[in-house]
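>>> quick check, what structure comes out for this input:
(one chain, ligands or ions: 1)
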Amino acid sequence: MPHPSRASRRSLLLGTAATIVGGVAALGSRRGDAIRTEADTEVDALAASAPLPIERGATVTAPAKRLRRVGGIMFPMGPEPRCDVLDNFGDARSGGRSHEGVDILATLGQEVYAVTDGVLVSQADASASLSGNAWGLLADDNGAYYFFAHLSRFAEGLTLGDRVQRGQVIGYVGDTGNPGPGNYHLHFEVHPGGQRAAAVDPLPLLEVPFECTIT
Ligand SMILES: [Zn+2]
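Got it, this is the predicted structure:
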């Protein structure tokens, strides 16, 4: 299942391109193909940027989404309007703990996605002093466990034990738990061996959208 926001952007792109192509086809039949229009120029520009040549009137395939980093794990959050990935796995934390994930700075309410098909096997609510509202997702395919913390709220209708699909919205970015008011971000962990197994640095494994920064 495609990334929802990516899917909607793609359909928007397709819609725009289809409109332009359709417009050109209509002009061509009225005026003859020899006359070039502004719309022709736009189609040429689209063709120049697309991976495959575009034939007039043909179905247009939007260029593939550009990624800043290609990894095996889907990016867990909608990248807009803000997406600043902190390379902070392993950083020291209070009480001798170390930071077991990466933090993705965002704005209140950005969508958080299931990164794979699986089951929501753990849940914490806003009273959890560290994580705040959080989901744990156990992957169907390889038994990896993913943890999503500090959500402002959970996606409506989801409960512990539910099966979710890759790309499904499971919650929204917030500041619950220990971030402090207004420090909206998603804390994301990867435990390849399951819930009780050690966390690894997610960053080298993540597919990071081009809209995001990594610092
Ligand atoms: Zn964190």
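>>> going forward, measure contacts between C-alpha atoms and count neighbours the same way
Fine.
>>> all helices of this protein, in order?
Along the chain, counting by DSSP state H, helices occupy 4-31, 38-49.
>>> near the ion at all, the longest strand along the chain?
Identified as the longest strand of the chain according to DSSP state E is strand 145-154. No - counting by CA under 5 Å from the ion, the ion is not contacted by strand 145-154; separation bottoms out at 7.8 Å.
>>> what residues does that strand touch?
Strand 145-154 has contacts (CA atoms under 8 Å, 6 or more residues apart in numbering) with 108-109, 131-139, 170-179, 184-195.
>>> contact partners of stretch 86-102?
For stretch 86-102, using CA under 8 Å, 6+ apart, the contacting residues are 85, 103-105, 187-190, 199-203, 214-215.
>>> can you rerun that using 6 Å?
103, 187-189, 199, 201, 214-215 (CA atoms under 6 Å, 6 or more residues apart in numbering).
>>> how about the residues of the protein by the ion?
103, 187.
>>> start and end of stretch 180-187, how far apart?
13 Å (CA to CA, to the nearest Å).
>>> what pairs with the longest strand of the chain, and is each one parallel or antiparallel?
When sheet partners are counted by DSSP bridges, strand 145-154 sits next to strand 133-139 (antiparallel), strand 169-173 (antiparallel), strand 185-191 (antiparallel).
>>> next, format these as TSV and append mean pLDDT and mean neighbour count.
Output for the strands paired with strand 145-154, formatted as TSV (pLDDT from 0 to 100; neighbours: other CA atoms under 10 Å):
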stretch	mean pLDDT	mean neighbour count
strand 133-139	98	26
strand 169-173	98	25
strand 185-191	98	26
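>>> format these as CSV; extra columns: distance to Phe147.
CSV is the format used below for the strands paired with strand 145-154 (distance: least, CA to CA, whole Å):
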stretch, distance to Phe147
strand 133-139, 4
strand 169-173, 12
strand 185-191, 5
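>>> ok, how many other residues are close to the residue nearest to Val208 when sequence neighbours are not counted?
Once flanking residues are discounted, Val208 sits nearest to Arg69: 4.9 Å by CA to CA, 6 or more residues apart in numbering. Neighbour count of Arg69, defined by other CA atoms under 10 Å: 16.
>>> isn't Arg69 right up against Leu206?
No - in this structure, Arg69 is not within contact of Leu206 by CA atoms under 6 Å, at 7.1 Å.
>>> report pLDDT for Ser94.
Per-residue pLDDT puts Ser94 at 88.
>>> against Leu138, how distant is it?
From Ser94 to Leu138 the distance is 28 Å (CA to CA).
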